[in-house]
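>>> Sequence and computational prediction follow.
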Amino acid sequence: MTVGWRAVLASAFTLVMVATPAWAAADVFSVPDSIRQMRGTHEDVHVLRALTGGASLGEQRFHASVDHDRLLLDIATHFTDGEQWDEHAEMDLAHGYRARSFYKVGRRNGAVVAEQHVDFTTGEVSWMHDGIQQTRSFTFTPDTFIGPMLGVVLADVPERAARAASLHSVVFRPDAEVYMLRAEVIDEENFRIGNASEPTTKVRLKADLGPVQNVMFASYIPTHYFWFTREDPPEFFAFEGTLGSGGPELRMIPQHPDASTAKVDRTDRATRAPR
C-alpha cells in the first residue's frame with residue numbers, strides 16, 4: 001500500500017440494513033495534502049479470507065491516481081468461485097471529498113450478472129439485478145459516498161478530536177437506498193498477520209438509524225470494522241465485515257504484511273506536503 005487506503009474494498013460495504021431516512025447532519029471530510037499532491041498511479045493487492053476458518057476467498061487489486069482535483073479509483077476483485085467485480089469511482093477534491101460517480105459490473109464466467117451506476121452530480125442511480133434494469137433518482141447530500149470511497153474518507157476519523165464522524169452511503173440490497181452511518185474509533189491495537197505486526201487504530205462503522213430504530217433493529221444490522229495505521233496521516237490497513245448483500249463474512253488483509261502502508265513508498269511520501 002502506498003497512499004493510505006489499503007484496497008478500499010470494492011463495494012464491500014453493500015450493507016444489509018433496514019430502511020431509514022437520511023435525517024441527521026453528517027460531517028465534511030477534508031482532503032489531506034498528501035492526496036492532493038499525489039503523483040503517478042498507486043497500486044495495492046489484498047487477499048480475502050473467510051472470517052471463520054480463514055479459507056481463501058479471492059483477492060483484490062486497487063489502483064488510485066489524482067488528475068488535477070479529481071481522485072480516480074479502479075478496483076478489480078476476483079473470487080475463487082469465478083465471480084469478478086470491476087469498479088471505477090471518482091471524487092472531487094477541490095472543497096473536501098465529494099463523490100462524483102461510481103460504476104460497478106459483476107461477471108461470472110464472462111457473463112454480466114450485475115451492474116450498478118451512481119451519478120452523484122445528478123442524483124441518477126441505475127442497477128441491473130437478475131437481468132432486470134431499474135433506475136431511481138435521489139437528492140444526495142455532499143457527504144454521500146459508496147463502497148470504495150469509504151476507505152478513503154474514513155482515514156480522517158482517527159485524527160478527529162471526537163474520533164468519530166457521520167456520513168451517508170448509497171447501498172444496494174439489491175435496490176438502491178441511502179443510509180446514515182456512524183464511524184467511531186473503538187481501539188488501538190497491533191494487527192497481526194503471521195509474523196508481522198502493524199500498530200493500528202480500529203474504527204467501527206455501523207448504521208445510525210436514530211434512537212428508536214437503533215434499539216429495535218440493532219441485532220439485524222451488520223457492523224463493519226476498519227483498521228488504519230498509526231502513521232501521519234493514517235492509512236487504511238484492513239477490513240472485517242460482509243462483502244455484498246448476503247455475502248460472506250471475511251477479513252481483507254494486505255498480501256504482503258511485511259511491506260505495509262507504514263513501510264513503503266518513503267521516497268514518494270517525502271516529496272509530498274505533510275498533512
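Received the coordinates, thanks.
>>> from here on, contacts and neighbour counts on C-alpha atoms
Will do.
>>> Poorly predicted segments of this structure, please.
Within the chain, the stretches with pLDDT under 70 are 1-26, 213-221, 245-246, 257-275.
>>> can you map out the helices along it?
Here the chain has its helices, by DSSP state H, at 33-36, 150-153, 211-217, 266-270.
>>> beta partners of residue 111?
residue 108 (DSSP bridges).
>>> distance from the centroid: which residue in the protein tops it?
residue 212 (27.4 Å; C-alpha atoms, centre = their mean).
>>> ok, that one to residue 179 distance?
16 Å (C-alpha to C-alpha, to the nearest Å).
>>> Which positions within stretch 167-175 qualify as buried?
For stretch 167-175, the neighbour count (16 or more other C-alpha atoms under 10 Å) marks 167, 168, 169, 170, 171, 172, 174 as buried.
>>> Next one: the fifth one from residue 130, what distance?
Same thing as residue 171. 17 Å.
>>> what do you get for the fourth one?
If you measure residue 170 against residue 130 using C-alpha to C-alpha, the figure is 20 Å.
>>> which strand is the longest one in the protein?
strand 176-193 (DSSP state E).
>>> contacting residues around residue 240?
51, 224, 225, 226, 249, 250, 251, 252 (C-alpha atoms under 8 Å, 6 or more residues apart in numbering).
>>> and the fourth one, what are its bridge partners?
Residues found in beta-bridge contact with residue 226 (criterion: DSSP bridges) are residue 203, residue 239.
>>> related to what we said a few turns ago, listing partners with orientation, what would you give for the longest strand of the chain?
strand 164-172 (antiparallel), strand 196-207 (antiparallel).
>>> And it, how far out from the chain middle?
Centre-to-centre, strand 176-193 and its host chain are 10 Å apart (C-alpha atoms, centre = their mean, to the nearest Å).
>>> got the buried residues for it?
Quick answer for strand 176-193 (16+ other C-alpha under 10 Å): 176, 177, 178, 179, 180, 181, 182, 183, 184, 185, 188, 191.
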